[in-house]
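>>> predicted model follows, preceded by the sequence.
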Amino acid sequence: MSKVQNYDPDCLFCKIIQGDIPSDKVYEDEVCYAFRDINPQAPTHILVVPKTHVPSCAAVSADNAGLVAHIFTVIARIAADEGLENGWRVVSNVGPDGGQTVPHLHFHILGGKRLSGQMG
């Protein structure tokens, strides 16, 4: 595993990426890390996180937007590898009112069944 840039010692996802906390890894490259959610909300529930600590989508800027573009190409690859042929959802929560519980940018891939049309 590679080191997290801007490592936050209090961040759960930084610790997972570093290998300090075990995870069920699905994918890894030099930019991002993907693993299965320990509390899945769908039959397939995978988190994709950048290896650079970015607090949330609110902190995406011109300087780090390439991370997000790369992650979305990885999300499509993971969805295909997981056999999510009938569709899937990508969610990123921002802040406490948005349901964000870990302050590290991450994207949930949800699929494996027909998802509700409701978002909240």
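Done, it's in. Numbers count the residues shown, from 1 in each chain.
>>> list the buried ones in the longest helix out of those in the chain?
Secondary structure assigned by DSSP state H gives helix 65-81 as the longest helix of the chain. Neighbour counts over helix 65-81 (16 or more other C-beta atoms under 10 Å) mark 67-68, 71, 74-75, 78-79 as buried. In short, each C-beta sits where N, CA and C put it, glycine included.
>>> turn these into CSV, columns for distance to Glu28 and pLDDT.
Formatted as CSV, those follow (distance: C-beta to C-beta, whole Å; pLDDT from 0 to 100):
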residue, distance to Glu28, pLDDT
Leu67, 14, 95
Val68, 17, 96
Ile71, 12, 98
Val74, 10, 98
Ile75, 14, 98
Ile78, 11, 98
Ala79, 17, 98
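>>> how about those, which pair is most distant?
Across the buried residues of helix 65-81, no pair lies farther apart than Leu67 and Ala79, at 18.6 Å, counting by C-beta to C-beta.
>>> so is the nearest residue to Tyr7 once chain neighbours are set aside in a helix, a strand, or just coil?
Nearest residue to Tyr7 in three dimensions, chain neighbours excluded: Cys14, at 5.2 Å (C-beta to C-beta, 6 or more residues apart in numbering). Classification of Cys14 by DSSP: H, G, I helix; E, B strand; the rest coil places it in helix.
>>> Cys14 and Gln5 touch, don't they?
No: using C-beta atoms under 8 Å, Cys14 is not in contact with Gln5; the gap is 9.7 Å.
>>> between those two, which contacts overlap?
Shared contacts of Cys14 and Gln5 (C-beta atoms under 8 Å, 6 or more residues apart in numbering): His53.
>>> of the two, which one has the most company?
Neighbours per residue (other C-beta atoms under 10 Å) separate Cys14 from Gln5, with Cys14 holding more: 23 against 13.
>>> no more questions from me, cheers.
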